[in-house]
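Asks: Structural data only, the sequence is not supplied:
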């Protein structure tokens with residue numbers, strides 16, 4: 001009888017001990033995890049192991065596979081984050097170590113050059129925003145601990161790329177553009193792909209055109225071998241122009257008409273685009289290639305970098321990246337057709353011979369008085 005009572009007493013004690021045991025602590029108990037971090041490893045359980053002078057580093061297990069083409073692989077389970085610390089360390093110390101470990105693993109798996117696919121590497125996309133590990137880790141540690149970034153554009157980048165809620169910008173539109181050489185209505189070409197950022201109602205001096213091309217400096221069109229760039233003389237880059245100068249040049253000097261679709265944009269995306277525009281050269285992508293490294297390739301890649309990490313990369317479909325197909329790919333994401341406008345070609349009406357030169361001419365008689373500025377103000381949905 002005494003033995004049975006002793007066993008029963010011990011069982012009760014063990015049960016009480018189990019009930020009183022602390023539940024497992026997770027990363028979210030210490031850090032503000034954005035959707036992109038959760039997509040990589042869920043909400044990892046924090047496991048602290050005494051370092052005792054060990055040189056072993058902290059380790060994150062249970063990381064989900066990531067591919068630029070399809071994003072993160074969905075799983076319901078959570079990872080586990082092993083931290084080499086003294087168990088008596090403060091929560092602040094635990095948070096700092098957890099943020100550092102998670103940020104380094106995120107950079108290695110998602111943002112490093114080794115994690116990019118073939119299309120991203122050949123367009124040099126790792127240099128577009130945050131490429132260095134130390135800069136990303138410094139930013140991530142601040143944001144995971146609920147602090148502001150040192151620069152406004154970095155706060156905007158974190159919101160956009162980490163999948164956090166953004167603020168719609170009712171004062172701007174993103175203009176998706178297809179440019180076509182005018183064959184007098186006989187056919188439509190594959191054309192050219194780019195986009196613009198315009199303040200509603202028009203801002204003549206500050207509305208921006210983001211162009212993606214290998215500049216050509218002769219009046220004549222390139223010969224087939226030149227157009228294919230077999231001699232490696234055409235360098236593909238992203239440049240930023242005044243919107244009205246660019247429209248004026250295309251329609252009054254280059255015998256082209258311009259198709260425009262007005263898309264919504266967020267305040268954070270506007271901040272990122274203006275940050276790009278402040279660079280001397282927005283982006284250098286290396287040698288132009290007609291099928292897989294052209295204006296549509298680079299333009300789609302730029303737009304992809306204005307979306308959350310994990311958004312499938314819209315490159316590598318079909319034989320080539322075609323400008324008209326690129327535009328349609330973006331438009332297909334909208335349930336309703338966005339507002340559309342076509343600015344007509346007037347090169348011959350002005351008595352000019354068309355030129356193939358990439359040189360941009362300042363809009364006449366002024367940017368605010370140019371035909372393009374006045375015509376865009378006639379689109380009710382964009383003003």
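Replies: Perfect, I can see it now. Values in this document were obtained by computation on a predicted structure and should not be read as measured data.
Asks: For stretch 278-292, which residues meet the burial criterion?
Replies: Across stretch 278-292, burial judged by 16 or more other CB atoms under 10 Å covers 282, 283, 285, 288, 289, 292. In this view, the C-beta of every residue, glycine as well, is placed from N, C-alpha and C.
Asks: Tell me who's in contact with the fourth one.
Replies: Just to be clear, that refers to residue 288. By CB atoms under 8 Å, 6 or more residues apart in numbering, residue 288 lies in contact with 214, 229, 234, 235, 236, 294.
Asks: if we can go back for a sec, now tabulate the buried residues of stretch 278-292 in CSV and tack on secondary structure, distance to residue 190 and pLDDT.
Replies: Formatted as CSV, the buried residues of stretch 278-292 follow (DSSP: H, G, I helix; E, B strand; the rest coil; distance: CB to CB, whole Å; pLDDT from 0 to 100):
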residue, secondary structure, distance to residue 190, pLDDT
282, coil, 23, 86
283, strand, 22, 91
285, strand, 19, 92
288, coil, 15, 94
289, strand, 15, 93
292, coil, 14, 88
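Asks: for the residue nearest the centre of the chain, what are its contacts?
Replies: Nearest to the geometric centre of the chain sits residue 305, at 1.0 Å (CA atoms, centre = their mean). By CB under 8 Å, 6+ apart, the contact set of residue 305 is 125, 128, 129, 161.
Asks: helix or strand right after the longest strand along the chain?
Replies: Assignment by DSSP state E gives strand 172-181 as the longest strand of the chain. The helix or strand immediately downstream of strand 172-181 is strand 192-199, counting by DSSP states H and E.
Asks: which outside residues touch that following strand?
Replies: By CB under 8 Å, 6+ apart, strand 192-199 touches 171-180, 206-213, 243, 246, 256, 260, 265, 270, 273-274, 295-296, 299-300, 302-303, 323-324, 326-327, 376, 382.
Asks: how about residue 89, secondary structure?
Replies: coil (DSSP: H, G, I helix; E, B strand; the rest coil).
Asks: about what we covered before: farthest pair within the contacts of residue 288?
Replies: Using CB to CB, those span at most 12.5 Å, a distance reached by 235 and 294.
Asks: quick one, helices of the stretch 151-300 of the chain?
Replies: With helices called from DSSP state H, counting those that start in this stretch, the stretch 151-300 of the chain shows them at 152-161, 224-227, 243-252, 267-277, 295-304.
Asks: Of those, which is nearest residue 367?
Replies: Among the helices of the stretch 151-300 of the chain, helix 243-252 sits nearest to residue 367 (CB to CB), with 4.4 Å.
Asks: angle of that closest one against strand 192-199?
Replies: Relative orientation of helix 243-252 and strand 192-199, computed by axes from the mean of the first three to the mean of the last three CA atoms, to 10 degrees: 140 degrees.
Asks: pLDDT of helix 243-252, averaged?
Replies: For helix 243-252, mean pLDDT is 98.
Asks: related to what we said a few turns ago, of the buried residues of stretch 278-292, which is the nearest to residue 369?
Replies: Nearest to residue 369 among these, with distances taken as CB to CB, is residue 282, at 27.5 Å.
Asks: List the residues that contact that closest one.
Replies: Residue 282 touches 210, 237, 238, 239, 240, 276, counting by CB under 8 Å, 6+ apart.
Asks: Point out the least confident one among the contacts of residue 288.
Replies: For the contacts of residue 288, the pLDDT minimum is residue 229, 91.
Asks: Compare the contacts of residue 282 and tell me which has the most neighbours.
Replies: residue 210 (26 neighbours; other CB atoms under 10 Å).
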